[in-house]
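>>> Got a sequence here, can you model it:
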Amino acid sequence: MEIEVQNLTFSYGKQPVLQDVSFSVQKGTLTAVLGANGAGKSTLFRCLLGFLTPQAGEIRLSGRPLSAYSRRETAEKIAYIPQSCVPSFNYTLLEVVMMGLTNQIGVFDAPRPEHKTAALEAMESLGIAHLAHRESGRVSGGERQLALLARAMVQNARVLVMDEPTSNLDCGNSALVMERVSALAGEGFTVIFSTHDPNQAFRYATQVLALQGGGVLAAGRP
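Sure, this is the predicted structure:
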């Protein structure tokens, strides 16, 4: 079992957000987290990434409590892919992908040729290697999202947490991203993504976790 969440509870001050949430995620599966705004999806993800410490319950990663991992160890296990947005700085897509190598390169070191090769291989696997030197502000939202996915892949983490990866994309780019994500799950990556679209969960997910009011409304096959 890749991830096991047991009786997870989290509150911001006196405001409860997650209440007694339990579920498990198997290796190589694609889990969709469904729920309205305020249902607790983003807070759940922050707990899974180790950014927030729950008041009660436990998260286990590969059989070990998440709290026992260092920040670097967590980054080696779990990668986060945020929503696609227009970047503030116009890096090339290759530069964006290579930012995923920060846990492998010293603070004052420059990337080595093998790092560039790894970044290009990740981009090739997602079909965007031909855009390596294109500025990120001059590609589609779907292509930017795939670059963020490639950035997570070069991090060498096998668990990918995606926060509404297609929320700002049109239908064509949404399908492009989700087809690539589905293929990664088929290659052994464990993917957890949040979505507002039940049809997307039904089409792509191996399992669904539906949240309502901070608790589990339903969990199981789509």
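>>> in the protein, which spans are helices?
41-48, 71-77, 93-98, 113-125, 141-154, 171-186, 198-204 (DSSP state H).
>>> Check which helices and strands the shortest one sits against.
Pointing back at helix 93-98 there. helix 113-125, helix 141-154 (3 or more C-beta pairs under 8 Å, 6 or more residues apart in numbering; DSSP states H and E). C-betas here are computed from N, CA, C, even on glycine.
>>> hang on, the earlier thing: would TSV of the helices of the chain with mean pLDDT, distance to residue 16 and mean neighbour count be doable?
TSV is the format used below for the helices of the chain (pLDDT from 0 to 100; distance: least, C-beta to C-beta, whole Å; neighbours: other C-beta atoms under 10 Å):
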stretch	mean pLDDT	distance to residue 16	mean neighbour count
helix 41-48	93	10	22
helix 71-77	85	25	16
helix 93-98	91	37	23
helix 113-125	88	39	17
helix 141-154	89	31	25
helix 171-186	88	31	17
helix 198-204	90	25	16
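>>> Make TSV from the helices and strands packed on helix 93-98 and add distance to residue 216 to it.
Below are these laid out as TSV (distance: least, C-beta to C-beta, whole Å):
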stretch	distance to residue 216
helix 113-125	34
helix 141-154	26
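>>> can you put the helices of the chain in CSV and add distance to residue 165?
Below are those laid out as CSV (distance: least, C-beta to C-beta, whole Å):
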stretch, distance to residue 165
helix 41-48, 12
helix 71-77, 19
helix 93-98, 15
helix 113-125, 16
helix 141-154, 6
helix 171-186, 6
helix 198-204, 10
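>>> got the contact list for the closest residue to residue 180 other than its chain neighbours?
Once flanking residues are discounted, residue 180 sits nearest to residue 126: 5.3 Å by C-beta to C-beta, 6 or more residues apart in numbering. Taking C-beta atoms under 8 Å, 6 or more residues apart in numbering, we find residue 126 in contact with 146, 149, 150, 153, 180.
>>> Next: residue 153.
Counting by C-beta under 8 Å, 6+ apart, residue 153 has contacts 79, 100, 122, 125, 126, 184.
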